[in-house]
Structures are given as C-alpha cells and as structure tokens.
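S.K.: The sequence and its predicted three-dimensional model are supplied below.
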Amino acid sequence: MQVGDIYVSAPGKAILHGEHAVVHGKVALAVSLNLRTYLRLNTSNDGKVCINLPNIDTFLSWDLSELKKLIPYMSKREEAKRLDAELLRRLREFLDISNGSLDTCNMAILAFLYIYLSLFRSSELPSLKVSVWSELPTGAGLGSSAAYSVCLAAALLSVSGATPAPLKEWDHTARWCQEDLELINSWAFQGEMIIHGNPSGVDNAVGTWGGMLRFLAGKIIPLSRVPLLRILLTNTKVPRSTKVLVARVKDKINKFPSIMTPVLDSVDAISCTCEKVLSEMTSEPITGEHYNILEELIDINQHHLNVMGVGHPTLDTLCRVTLAKGLHSKLTGAGGGGCGITLLRPETDSSVVQTTAQDLKDCGFDCWETSIGGPGVQQHSPLSVKEEVLEILNGY
Ligand SMILES: Nc1ncnc2c1ncn2[C@@H]1O[C@H](COP(=O)(O)OP(=O)(O)O)[C@@H](O)[C@H]1O
Ligand SMILES: C[C@@](O)(CCOP(=O)(O)O)CC(=O)O
Ligand SMILES: [Mg+2]
C-alpha cells in the first residue's frame, strides 16, 4: 500500500446536448470545464478513517474497528459494474440513512465509504484521512458529483495499489494509463449510482478523460477535432437534485411513452446534428451559418427539456435575458434550476458579454465566461496545486 500524501483532481463538465435523453440510451455531447474538484489523501496510523468535505460542511471520522464490522457482510465481487446492494443496506443502517434520503452529506459519505470498503474488502482496512474541496458549485448541473466520485476512485485505487499512482518524482502532474482510467471510471460510476440513482455515466466519463466527448449507452468517443467554443455559464443558484429530476423524467416516459419517446429521439438527432456541425467547423471555414444552426439546436433542445419537465422559471429568465442580446441559452445537466450555458459567437464583443453578464447578475445569478476542454483526472505534486486550494486541503 502506498503511504504518504496523494493529491488528485478531476474536472466538472457541461453537457452541450443530450442530458436526460442519455439516461435512456440517446447520444450526449459533453465537455470538461476548467473548474475542478481537488482531493488530498494521506494514510495515517491513528486507527481512524476521516473525511473532510468543507464545501458541504461535513467533517466525520470513524474507528477502523467499527468499519471492520461491516466487512463480513460483504458479498464477493469481481467487477465494479453493479452496486453491492447488501453492502449499501448495511452502510445505510450503520450511518442511519433512510433509503430515499437526498441529503447532500449522506450521499457524499455513503459514496465515500462504499468505495473505500469495496476496494479494501480483501485486505487490511487502512487508516487514512481524505479532504475534498471543489471549485464547482455543488448540485448545480456541472457534474460536481462525478468529479467527487472520480477523485475518490482515483485516490483510493492508488492507495490500494490497484492502479499505481502515476506521478514520478520529477513530475508536476501525471495521468493514468488507459486501462487504469477505465478502472477509475468504473468505480466513479458506482459513486454516481449512489448519488444519482440511475446515472448514464457521461459525467464520470468526462471527469475521467476530460476534453469533449460523445457518449452513447456507455460507449465513450473522444471528439478530438472540435472548434474552440466560447461559452457563458450561468448559475441560477436554484438548488436541485439530479436524482429527483432523473426520476421525474423516467416517470413521465413511463406515463406517456408514445409522447416522450419522439422527444428523446429528437434530442438524439440534435446531438448528432450538433456533432456534425462541430466537425464541419474544423474542416471548412467557420461561417455565420454554422453558428445559426448551433443556436437553433440550443433553442429546440431547451424546449424539449421543458417538455421533459426539467425547466425552471429562472432558466426561462436566463433564456429571455440572453436572447435580448441576441444570444441563445439552454439548461445544462439535470435542470430544475442549477446552471445554463449560453453560446457566444466568435465575433460577440466583450462589451456585449459584459452587459449580458451584468443583466444576469442583476437577476441574482452568478455568471462567467468559461474555458472548456480541461484535462481529465490527474495526480498532482503539491507544487502543482494552486496555493489557495492547498491551504484549504491542508487545513484539516
Ligand atoms: N465537493 C464536494 N464535497 C462533498 N460532496 C460533494 C462535492 N461535490 C459533489 N458532492 C456530492 O454530490 C452531490 C451533488 O450531485 P448532483 O445532485 O448530481 O449535482 P451536480 O453533479 O450537478 O453538482 C452533493 O449532494 C454531494 O453529495
Ligand atoms: C441529467 C443527466 O443527464 C446529467 C446530470 O448531470 P448533473 O448531475 O446535473 O451535473 C443524468 C445522467 O446523465 O446521469
Ligand atoms: Mg451529478
């Protein structure tokens, strides 16, 4: 087992098209953001497991002797594809968490202990301290749950020795090999299953690999030839739970299958059309017509998402305020509040961006131009972690 400090980070994501539909086997296009979640793990010998989650004011620790009692109940499992229902039930009982709980802290703790116990089930449980801090707003549609799960999976797998930590003495940052990334992604998916209920896997795939990707039924295709897109991100600050929204869409599909199926098919076609246009934009001169199509796709998809029941009055406001400046927006992630994206044209003047952002801030929203396509999960030397992040992580 590796001893010492491990620092890892994983990016958040924005879904350009395909949220919700992707849960039902349709195509999604997603891209990583320059906002990341950071994790520090250090092994200790105080006989405890501690977790510090300052974003959600959660600081807990358990004696190893308590956690060891959960191990005899764990069924033997070779792969990380499905959740171990018995372990989850025992953990819920141990933590006194009801089955339908949506509590932020409960979900985060359950995901952590589940991955920790599963990975160390057949060896000695290590005493360790984990601190996680994120630049991402939590529960706002930017994939904070996936970035959290990817960081947990990467750090715990490294400590267990299953995926050797890739950082060499002279490196500032390092990435895992493809096979190890697949393992990290599969354990992160389990964390997402605990937090989301029924995730598609697109968010943890972006958190693991970064960049822009096409996701269809678990198949991940990196899109390497994409134009540089300028995107304005707006956080309406209306809290919501991905788990609740995903369940709401499922209920609607079950209630009105013949009405909702064409909507999902249409979203699929939007994602495919968007992918085609993005690809054309790299092989021929970019024209206004490319952007006209991208904007129309955004408008149509936003209507579809409203039909699915995941809109919100604040998201309508976002679309109206930006359209007044000639800019097109849609929600991103699970919706119901949270964040939206606005496509900026290459020629959109910075004064227009600024006044639009101010109008949105006047509505009570947070708003910023973001850069997209950041790297997937990384291991860091402490030197390569921003000082303010290091201070937070090392403060516990
Ligand atoms: N930095 C973090 N620290 C602790 N828990 C986190 C963190 N980021 C995300 N989470 C967990 O993920 C949940 C939010 O996930 P979700 O509803 O899917 O929203 P999103 O992924 O869009 O941010 C939180 O309730 C919490 O359990
Ligand atoms: C709604 C969905 O498509 C994306 C959810 O993203 P987020 O948790 O809101 O960031 C669900 C999923 O793909 O698992
Ligand atoms: Mg999420």
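M.R.: In hand now; what should we look at? Ligands and ions are numbered 1, 2, ... in the order given.
S.K.: secondary structure class for the residue of the stretch 251-396 of the chain found nearest ligand 2?
M.R.: When scored by C-beta to the nearest ligand atom, the stretch 251-396 of the chain has residue 333 as its residue closest to ligand 2, at 2.9 Å. C-beta coordinates here come from the backbone N, C-alpha and C atoms, glycine included. Using DSSP: H, G, I helix; E, B strand; the rest coil, the secondary structure recorded for residue 333 is coil.
S.K.: My guess is it contacts residue 20. True?
M.R.: No. Counting by C-beta atoms under 8 Å, residue 333 stays clear of residue 20, with 9.5 Å between them.
S.K.: so residue 9 sits in a strand?
M.R.: Yes. Assigned with three-state DSSP, residue 9 falls within a strand.
S.K.: list the contacts for it?
M.R.: Counting by C-beta atoms under 8 Å, 6 or more residues apart in numbering, residue 9 touches 36, 37, 38, 39, 151, 377, 378, 380, 385.
S.K.: which non-adjacent residue is nearest whichever residue of the stretch 151-300 of the chain sits closest to ligand 1?
M.R.: Residue nearest to ligand 1 within the stretch 151-300 of the chain: residue 242 (3.4 Å; C-beta to the nearest ligand atom). Leaving aside its sequence neighbours, residue 242 sits nearest to residue 334 (C-beta to C-beta, 6 or more residues apart in numbering; 4.1 Å).
S.K.: What of residue 207?
M.R.: In space, residue 207 is closest to residue 150, 3.8 Å off (C-beta to C-beta, 6+ apart).
S.K.: Can you pull the residues of the protein lying near ligand 2?
M.R.: On the criterion C-beta under 6 Å from any ligand atom, ligand 2 has as its neighbours in the chain the residues 19-20, 22-23, 141-143, 145, 196, 199-200, 202-203, 242, 246, 333-334.
S.K.: list the contacts for the residue of the stretch 251-396 of the chain closest to ligand 2?
M.R.: Counting by C-beta under 8 Å, 6+ apart, residue 333 touches 14, 15, 19, 140, 141, 142, 143, 242, 339.
S.K.: what's the distance between the residue of the stretch 151-300 of the chain found nearest ligand 3 and residue 333?
M.R.: Nearest to ligand 3 in the stretch 151-300 of the chain, going by C-beta to the ion, is residue 242, at a distance of 4.4 Å. Applying C-beta to C-beta, to the nearest Å, the value for residue 242 to residue 333 is 7 Å.
S.K.: Identify the contacts common to the two.
M.R.: By C-beta under 8 Å, 6+ apart, residue 242 and residue 333 have these common neighbours: residue 141.
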